[in-house]
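> fold the following.
(4 chains)
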4 protein chains.
Amino acid sequence: MEQIPLDGLNQMDQRAFVGALGDIFERSPWIAATAWAERPFSNLNALHETMIAAVNGAGQERQLALITSHPDLAGKAAREGAITNDSKFEQTSAGLDRLSDSEFADFHRLNEAYRTKFGVPFIVCVRRHGKESILRQFEQRLANDRETELNTALSEIFRIAALRLDQRVLAPDRLKVHGRLSTHVLDTHSGAPAVGLAVELFEIASSGKALLVARATTNEAGRTDRPLIAERPIPIAEYDLRFAVGAYFAGRGAPVADPPFLGMVPIRFAVAEPEGHYHVPLLVTPWSYSTYRGS
Amino acid sequence: MEQIPLDGLNQMDQRAFVGALGDIFERSPWIAATAWAERPFSNLNALHETMIAAVNGAGQERQLALITSHPDLAGKAAREGAITNDSKFEQTSAGLDRLSDSEFADFHRLNEAYRTKFGVPFIVCVRRHGKESILRQFEQRLANDRETELNTALSEIFRIAALRLDQRVLAPDRLKVHGRLSTHVLDTHSGAPAVGLAVELFEIASSGKALLVARATTNEAGRTDRPLIAERPIPIAEYDLRFAVGAYFAGRGAPVADPPFLGMVPIRFAVAEPEGHYHVPLLVTPWSYSTYRGS
Amino acid sequence: MEQIPLDGLNQMDQRAFVGALGDIFERSPWIAATAWAERPFSNLNALHETMIAAVNGAGQERQLALITSHPDLAGKAAREGAITNDSKFEQTSAGLDRLSDSEFADFHRLNEAYRTKFGVPFIVCVRRHGKESILRQFEQRLANDRETELNTALSEIFRIAALRLDQRVLAPDRLKVHGRLSTHVLDTHSGAPAVGLAVELFEIASSGKALLVARATTNEAGRTDRPLIAERPIPIAEYDLRFAVGAYFAGRGAPVADPPFLGMVPIRFAVAEPEGHYHVPLLVTPWSYSTYRGS
Amino acid sequence: MEQIPLDGLNQMDQRAFVGALGDIFERSPWIAATAWAERPFSNLNALHETMIAAVNGAGQERQLALITSHPDLAGKAAREGAITNDSKFEQTSAGLDRLSDSEFADFHRLNEAYRTKFGVPFIVCVRRHGKESILRQFEQRLANDRETELNTALSEIFRIAALRLDQRVLAPDRLKVHGRLSTHVLDTHSGAPAVGLAVELFEIASSGKALLVARATTNEAGRTDRPLIAERPIPIAEYDLRFAVGAYFAGRGAPVADPPFLGMVPIRFAVAEPEGHYHVPLLVTPWSYSTYRGS
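Sure thing, here's the model as predicted:
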């Protein structure tokens, strides 16, 4: 979908404005309609805050209606395609459309338990989580009381709206919804950036199963041309960053053992702040390496 | 089996001597019988060299007989228990008694190809190799000519004999048949050895399958009470040394993220010198680590 | 002196052009006059190359005259102010105006020896060297033959001209005359950039004497706001980069010993490529640190 | 002086015993005489504790006499040789016999101020301190009240006695009076211990002045044959451990810059626990290094 300039939004009548932003909050165009009255918006953060204020000022009944407008995660409606396009994109991006039968059963059980206890669907901003992190959230939040959960549901709805809004509107500013995961390889054997070294990023399930997330080769600066993850939250999950160190040094004719002491070097780490900057470099010789969380 | 003091061997008559060392070379007691004449042996290396000299001086026919006395690796005889106890122990130690059907088929095919080309069984000192390294040896050596292979077979037989002899005889010296794999964890967050940190060593197949080799917990010095591998060759293979860094720092109350940036830290490396000393330490904080091949 | 836009130069008549660039080559305005005919210059590198071509095509006599137009380094003329402003700036920047009596004697002796052997003054682009590196150059080059030295003198003159030209002319491109020395401090104790850590850069004489070159404090990114050296060649010399690590960790309340294990951390290194990028970071906890040549 | 076996002490009559240990406490043979009654001593720690108990049980008057039996540090008596041999050895070992005039004046002033305030000489176990650390102790302790200082004086006397006793008596156990400072160089460029690398240890004054403490060359294991400091307390002070990295890599023909990026690598650190084990290793390539407090 094409981005709409903030200037254009500021000049729209209410009908056009709701046509443009009515689906930022799930099946709740009234929020855009309310926010419209506060035009013009000097920047995107002001627009987002105005929409949040519209929800916060709307009274408990409309808030409850907003919450119940959301579909179950990986639920029957999602399987049958009966959810909004935005929800579909979000659930797909978190892998919820590719569940095993046993995972589907887990989600089904937790959805039911959550609805039974709280009377509303479980809402989480799935773009900020890996599949296992969603399940952990589910189980942790089931232990809360209803008031806590209604507040948490609204917070998550505001995060979902922020991601949709940041994608939809072209403005001088951005919302703080993006993380960045990058790497850098220094060859301390030759004192220069490692050029042409293959890097792969995997998301690791607790079963040990590895899902390829990104693949790149280091450039002249020892960096990848683009960050491994950018322009989106980094899902809370465990990752494996794998560096083809053996092939790199063999290709340079560096003296190595047979088989080389270091072949594929894995760096295993977890992301806890989806909007954070994670720089995970490698300093490497054929016989040693270091890594750290940089920035 | 109880160890025999070298002094005792030096005082034996030929019959007792052959009774004690007749099986150091597979089904070839004549080698011990020949070596007996050179008593007394001042140390174990002298005894081993004398036995080697006996083989080298025996002429091609007896050497060929020695070679053909060896069983196939993972062959029919091994399956049916029709091999010497020493061979059984050695093949078991390399995992050759636990092959999958497809691995068994690989070994069968290579055994046949080798016998067809060279007229003798394939001989390798299996205690120096992981399963995949044995298969690589097989394929590399199939490309050799017959003279090279007969010489290689004798070299491997001398290695097998050295391992058996070092185990059998109690002497002031040892044969150079042992490697050592050790680790050490320094907590550079608190500037002290990491105490009580769980470590596991796995052998990694090219399929990614991990076989547990050793498990330990670091002591007051940040070391394991015993080396992870010692008193034997380190099989040529790829290894994963896994450090429970997340649990360690959580247990000390160090400030960490949730989930912690570093949970289980894997160090992936390969061993190329079975008789070498591999010291693979970890210097670690909750946010960084280094490793290197030490000594 | 204000920079002159390349466009403006391209539109000048010869007289104005020589007025603007006549002193790029020491006391040799004919080089600018010759180059003028090749206008317009699409960029600064083209202009520099055209001036070099003018010298190379001018014949040995004028080249020799160009060489002998240069003053002695730290010579009598410099002491008495009888040299061009450019030469004065360059010699001052290399510390040649602040020589001890013994250093002055060294320069005097080497100038005499060089003139005696080669009949021309010793020329080196002093902005690329520390004082001791100039003396080493002097001694190494005294061993050459005359032809080598005349060629070397021209090469150094082209480097001097490039630095003057890059400073004088505003163009879309730059000449490759600038190096960069930067640092970065990662606090791997807390997993974040070290903010507010004091850094000092010294040039170290072989006597051990330290001359302060730059002083800075790390910003929110753990970097200094500006590189420690930039927009000029990095003099070939030995450096000490000193990090106030003890004060930094004490200020954060990190648990340290008394006195702290690490107080002022010095990184001692040498620069060999004046036009190179030297990034010398520090990864540090109260009990450990690492550094490396990055880029 | 030859060591006396503990067994021998246990069998001595009181006269001989006091002859052997009468000077363990400065000019106070009555302490040995009192301790004698508690023979036999099963080990050296028991003997030391018995002597301490003798002092603690002796009443304030005799304790005060013990304290005032000690000479001033770097005082007139020391200059004129009018102190016990033990005191002389101890003061010399801390460099108090080689003070500059200004340092001597500092000591004189502080001695006077201390005696004036507390009526007793300032006592500190000088073997545990560098010269500057003694001055810091002096100034810190001048701020205490008299009771604190009398207790501190006794504690320091017990430390002095422990060092004398550990040196004098040959026993199965040792007193905890010894620290150890060691190093280890790993060449992570070639994956092996750095052999033949020159190492120097200096004590650094706050003026920057460096005093050579030890000099060694690394052996086949990358270690020094003996610890740099052992069999004594490590004086509380700042140290510089200097590694001749440039010469080492040049000697091995490793590709380095000219001048090499790393020439002499200094590790600057402070010791705060004189009885601690400080292992300060270097992991180094021509372009990078790491160090840490190991153990």
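> now the helix-or-strand element of chain A with minimal mean pLDDT: buried residues?
Lowest on mean pLDDT, DSSP states H and E among the helices and strands of chain A sits helix A:76-79, with a mean of 77. Neighbour-count burial for helix A:76-79, counted by 16 or more other C-beta atoms under 10 Å in any protein chain shown, picks out A:Ala78. In this view, the C-beta of every residue, glycine as well, is placed from N, C-alpha and C.
> what residues does stretch A:132-143 touch?
A:73, A:94, A:96, A:106-107, A:110, A:113-114, A:117, A:122, A:124, A:126, A:129, A:149, A:152, A:205-206, A:235-237 (C-beta atoms under 8 Å, 6 or more residues apart in numbering or on different chains).
> hmm, 7 Å instead?
Where contact means C-beta atoms under 7 Å, 6 or more residues apart in numbering or on different chains, the residues beyond stretch A:132-143 that reach it are A:73, A:94, A:106, A:110, A:113-114, A:117, A:122, A:124, A:126, A:129, A:149, A:152, A:205-206, A:235-237.
> burial check on A:Pro193, number of neighbours?
Residues lying near A:Pro193 (other C-beta atoms under 10 Å in any protein chain shown) number 18.
> my bad, should have said A:Ser133
For A:Ser133, using other C-beta under 10 Å, the count is 22.
> and if you look at A:Arg252?
Using other C-beta under 10 Å, A:Arg252 is surrounded by 16 other residues.
> nearest residue to it other than its sequence neighbours?
A:Ser190 (7.5 Å; C-beta to C-beta, 6 or more residues apart in numbering or on different chains).
> quick check: that neighbour is in a strand.
No. Assigned with DSSP: H, G, I helix; E, B strand; the rest coil, A:Ser190 falls outside any strand and is coil.
> pLDDT wise, what is it at?
Here, the pLDDT recorded for A:Ser190 equals 93.
> looking at the stretch 51-200 of chain A, which residue is nearest chain B?
A:Ser133 (8.4 Å; C-beta to the nearest C-beta).
> sticking with that residue, tell me its helix or strand.
helix A:131-142 (DSSP states H and E).
> what packs against the helix or strand that that helix is followed by?
Heading C-terminal from helix A:131-142, the first helix or strand you meet, by DSSP H and E, is helix A:146-168. In terms of contacts (3 or more C-beta pairs under 7 Å, 6 or more residues apart in numbering or on different chains; DSSP states H and E), helix A:146-168 is packed against helix A:44-56, helix A:60-68.
> contacts for helix A:146-168?
Residues from elsewhere that reach helix A:146-168 (C-beta under 7 Å, 6+ apart): A:3-4, A:24-25, A:44, A:47-48, A:51-52, A:55, A:63, A:66-67, A:86, A:118, A:120, A:123-125, A:127-128, A:141, A:174-175, A:177.
> mind listing the helices for the stretch 101-250 of chain A?
Under the criterion DSSP state H, counting those that start in this stretch, the stretch 101-250 of chain A carries helices at the ranges A:101-118, A:131-142, A:146-168, A:245-251.
> got JSON lines for the ones you listed, with mean pLDDT too?
Formatted as JSON lines, those follow (pLDDT from 0 to 100):
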{"stretch": "helix A:101-118", "mean pLDDT": "92"}
{"stretch": "helix A:131-142", "mean pLDDT": "93"}
{"stretch": "helix A:146-168", "mean pLDDT": "96"}
{"stretch": "helix A:245-251", "mean pLDDT": "97"}
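> ok, back up a step: measure the residue nearest to A:Arg252 to A:Val284 for me?
Look at A:Ser190 and A:Val284: by C-beta to C-beta, to the nearest Å, they are 11 Å apart.
> these two: which is more packed in?
A:Val284 (24 against 18).
> that one contacts A:Thr183, correct?
No. If you go by C-beta atoms under 7 Å, A:Val284 and A:Thr183 don't touch, sitting 11.7 Å apart.
> anything in contact with each of these two?
Residues touching both A:Val284 and A:Thr183 (C-beta under 7 Å, 6+ apart): none.
> separation between the residue in the stretch 1-150 of chain A that chain D sits nearest to and B:Ala244?
Proximity of the stretch 1-150 of chain A to chain D (C-beta to the nearest C-beta) peaks at A:Gly130, 33.1 Å away. A:Gly130 is 21 Å from B:Ala244, where distance means C-beta to C-beta.
> between those two, who's got more neighbours?
Taking neighbours as other C-beta under 10 Å, A:Gly130 and B:Ala244 compare with A:Gly130 leading, 24 against 19.
> the closest residue to that one other than its chain neighbours: neighbouring residues, count only.
Spatially, and ignoring its direct neighbours in sequence, A:Gly130 is nearest to A:Ala237 (3.0 Å; C-beta to C-beta, 6+ apart). A count of nearby residues for A:Ala237, using other C-beta under 10 Å, gives 21.
> surely A:Ala237 touches A:Arg128?
No. With contact defined as C-beta under 7 Å, A:Ala237 does not reach A:Arg128; the gap is 10.1 Å.
> who's in contact with A:Ile24?
Contacts of A:Ile24 by C-beta under 7 Å, 6+ apart are A:Ala32, A:Met51, A:Ala161, A:Arg164, A:Leu165, A:Arg168.
> name the member of these with the most neighbours.
Looking at the contacts of A:Ile24 with neighbours defined as other C-beta under 10 Å, the largest count falls to A:Ala161 at 25 neighbours.
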